[in-house]
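Undergrad: the sequence and its predicted three-dimensional model are supplied below.
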Amino acid sequence: MDLLNLFIKSVFVDNMIFAYFLGMCSYLAVSKTVKTSMGLGIAVTFVLVATVPVNYLLHTYILKEGAMAWISPQLAGMDLSFLSFILFIAIIASIVQILEMVVEKFAPALYASLGIFLPLIAVNCAILGASLFMQQRNFDSLGESTVYALGSGIGWLLAILGMAAIREHLKYSKVPAPLRGLGITFIIAGLMGLAFMGFMGIKL
């Protein structure tokens, strides 16, 4: 698969937010300002780029059926794919912990503004979803899995930045009282999802 096509598809067509609604909790909670949304979006992108390739190597050389034939011919029939969930989550949690320590050390203001949602990246559905999609789609190389992770992260970043920009402008709009807060946010998310469905017509 052409890497550029894969990148464009993962950003726009298979957008984690608008195509699969993964990572909606932090997406709705943090998208109140562009500044915090940018920080969280970059953090999610970094975690995706770090975890999906590692999980690809783990799946390709350890977990899937016949993956350990490179160690010994006697292990060629072994299938450890049932361990995918727990090992993928362990990798994600480890990298998120490292990211949290780095952000706290070098960007304390961003760390304070993100609050509980930074460590919650470890249970962000978009992070685990990308690894599971990678496993399901059987990418041929480490490069494909890395490009897919980067595209998925940038797609998530664009989604939360777009929502944050709209929500900042809503502060100056006369939103009906019953729709203020999450009500109008859900409506906007739905409309943005419909808009992103237009990218499904792209020929890749």
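TA: Alright, I've got the coordinates.

Undergrad: quick one: contacts of the worst-scoring helix or strand of the chain on mean pLDDT?
TA: Scoring the helices and strands of the chain by mean pLDDT, DSSP states H and E places helix 108-114 at the bottom, with a mean of 81. Contacting residues not belonging to helix 108-114 are listed as Val30, Lys35, Thr36, Gly39, Leu40, Ala43, Glu100, Val103, Glu104, Leu118 [Cβ atoms under 8 Å, 6 or more residues apart in numbering]. In short, each C-beta sits where N, CA and C put it, glycine included.

Undergrad: count of neighbours near the fourth one?
TA: The number of residues packed around Gly39, counting by other Cβ atoms under 10 Å, is 21.

Undergrad: leaving out chain neighbours, which residue sits closest to it?
TA: Once flanking residues are discounted, Gly39 sits nearest to Leu110: 4.5 Å by Cβ to Cβ, 6 or more residues apart in numbering.

Undergrad: any weak-confidence spans in this structure?
TA: Applying pLDDT under 70 to the chain flags residues 1, 204.

Undergrad: with only the CA atoms kept, save stretch 64-72 in CSV.
TA: This file holds the C-alpha atoms of stretch 64-72, laid out as CSV (Å, rounded to 0.1, in the frame of the first residue of the first chain):
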residue,chain,number,x,y,z
LYS,A,64,0.9,-14.2,15.9
GLU,A,65,0.9,-17.8,14.8
GLY,A,66,4.2,-18.9,13.5
ALA,A,67,5.9,-15.6,14.5
MET,A,68,8.5,-17.3,16.7
ALA,A,69,9.8,-19.6,13.9
TRP,A,70,12.9,-17.3,13.8
ILE,A,71,13.8,-18.4,17.3
SER,A,72,13.4,-22.2,16.8
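
Undergrad: contacts for it, please.
TA: Residues from elsewhere that reach stretch 64-72 (Cβ under 8 Å, 6+ apart): His59, Thr60, Tyr61, Ile62, Leu75, Ala76, Gly77, Met78, Asp79, Leu80, Ser81.

Undergrad: and those residues, which is closest to Thr51?
TA: Within the contacts of stretch 64-72, distances to Thr51 taken as Cβ to Cβ reach their minimum at His59, with 11.9 Å.

Undergrad: scan this structure for its longest helix.
TA: Ranked by number of residues, the top helix in the chain under DSSP state H is helix 142-170.

Undergrad: may I see the buried residues of that one?
TA: Neighbour counts over helix 142-170 (16 or more other Cβ atoms under 10 Å) mark 144-164, 166-167, 170 as buried.

Undergrad: and the following helix or strand past that helix, C-alpha only, in CSV?
TA: Sequence order places helix 182-196 as the next helix or strand after helix 142-170, per DSSP states H and E. The C-alpha trace of helix 182-196 is given here as CSV (Å, rounded to 0.1, in the frame of the first residue of the first chain):
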residue,chain,number,x,y,z
LEU,A,182,-22.1,19.3,26.3
GLY,A,183,-25.4,19.6,24.5
ILE,A,184,-24.1,21.9,21.7
THR,A,185,-20.8,20.1,21.8
PHE,A,186,-22.4,16.8,20.8
ILE,A,187,-24.3,18.5,18.0
ILE,A,188,-21.1,20.1,16.7
ALA,A,189,-19.3,16.7,16.9
GLY,A,190,-22.1,15.1,14.9
LEU,A,191,-21.9,17.8,12.2
MET,A,192,-18.2,17.5,12.0
GLY,A,193,-18.5,13.8,11.7
LEU,A,194,-20.9,14.3,8.8
ALA,A,195,-18.5,16.7,7.2
PHE,A,196,-15.6,14.2,7.5
